[in-house]
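A.B. asks: Here's a sequence, model it:
(2 chains)
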Amino acid sequence: GESVGLHLPTLSVQEGDNSIINCAYSNSASDYFIWYKQESGKGPQFIIDIRSNMDKRQGQRVTVLLNKTVKHLSLQIAATQPGDSAVYFCAERAGRRALTFGSGTRLQVQP
Amino acid sequence: DTGVSQDPRHKITKRGQNVTFRCDPISEHNRLYWYRQTLGQGPEFLTYFQNEAQLEKSRLLSDRFSAERPKGSFSTLEIQRTEQGDSAMYLCASSLGGATNEKLFFGSGTQLSVL
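C.D. replies: Have a look, this model is predicted:
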């Protein structure tokens, strides 16, 4: 399959460490945010979402933090595994508009 | 596998030819989206349907592009007179629209190469 994100910012972590992927957004009207994971040759896969009336949401091994004051979103992955290696995108939506994606971060997990 | 299927997975065509892609969404989803993704970039919105109605189009969708969802189920995206700049991954997504926390489920995409 095609490789996604050949020139993306890359975060390299050791297996078992925690990972933090950051995303800045610009639209102060955005009220819903999603993190997607994309592996080579596949479409984006939903990980976790958060609405603007929250500042933290936890899933299985993942946590999303939202700071509306500075328009910043982060994805924390606990105990990172080799299967977490992928490109991660944040996406935002304002009202009924379509999701707008950021430019992505490549996560490389070293065994 | 999200349940959204796209066909074909890969398409190679010569400049100037027309191409058509198909997307079959998750059956109970009323919304269907088309996005385009180039290397190193996030997906860019093209258009979306609620049932059979096309509700929004991006300015990326030039007049060479047309999308249909005739019966509110599957959708097709046609590109006429393809150009090399059309080379990209074309992604389809579906959702249960209407909720603030509407989640999009993506297919694996159609990779278009225009020679």
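
A.B. asks: for the residue positioned nearest the centre of chain A, which residues make a bridge with it?
C.D. replies: In chain A, the centroid-proximal residue (C-alpha atoms, centre = their mean) is A:W35; its distance is 3.9 Å. Taking DSSP bridges, one finds A:I48, A:C90 as the beta-bridge partners of A:W35.

A.B. asks: Quick one: residues contacting B:K103.
C.D. replies: Contacts here follow C-beta atoms under 8 Å, 6 or more residues apart in numbering or on different chains; on that basis B:K103 touches A:34, A:46, A:49, B:95. Yep, even glycine has a C-beta here, placed from its N, CA and C like the rest.

A.B. asks: Apply 6 Å and report the result again.
C.D. replies: A:F46 (C-beta atoms under 6 Å, 6 or more residues apart in numbering or on different chains).

A.B. asks: Enumerate the residues of chain B near chain A.
C.D. replies: Proximity of chain B to chain A, by C-beta under 6 Å from any C-beta of the partner chain, involves residues B:39-40, B:42-43, B:45, B:48, B:91, B:100-101, B:103, B:106-109, B:111.

A.B. asks: how close does A:Y25 get to B:S75?
C.D. replies: Using C-beta to C-beta, to the nearest Å, we find A:Y25 at a distance of 28 Å from B:S75.

A.B. asks: So for the residue nearest the centre of chain B, what's the nearest residue that isn't a sequence neighbour?
C.D. replies: For chain B, the residue sitting closest to the mean C-alpha position, by C-alpha atoms, centre = their mean, is B:W34 at 3.0 Å. Leaving out its chain neighbours, the residue that sits closest to B:W34 by C-beta to C-beta, 6 or more residues apart in numbering or on different chains is B:L46, at 4.3 Å.

A.B. asks: Now B:Q80. Its backbone dihedrals?
C.D. replies: When read as degrees, to the nearest 10, the backbone of B:Q80 gives phi -100, psi 150.

A.B. asks: tally of neighbours for it?
C.D. replies: Neighbour count for B:Q80, taken as other C-beta atoms under 10 Å in any protein chain shown: 14.

A.B. asks: pLDDT score assigned to it?
C.D. replies: Note for B:Q80: predicted pLDDT of 97.

A.B. asks: Was I right to think it contacts B:T20?
C.D. replies: No. Applying C-beta atoms under 6 Å as the test, B:Q80 and B:T20 come out as separate, 9.7 Å apart.

A.B. asks: I'd like to check which residues are in contact with the residue located most distally from the centre of chain B.
C.D. replies: Most distant from the centre of chain B: B:T100, at 22.2 Å, with distances by C-alpha atoms, centre = their mean. Each residue near B:T100 by C-beta under 6 Å, 6+ apart is listed here: A:Y32.
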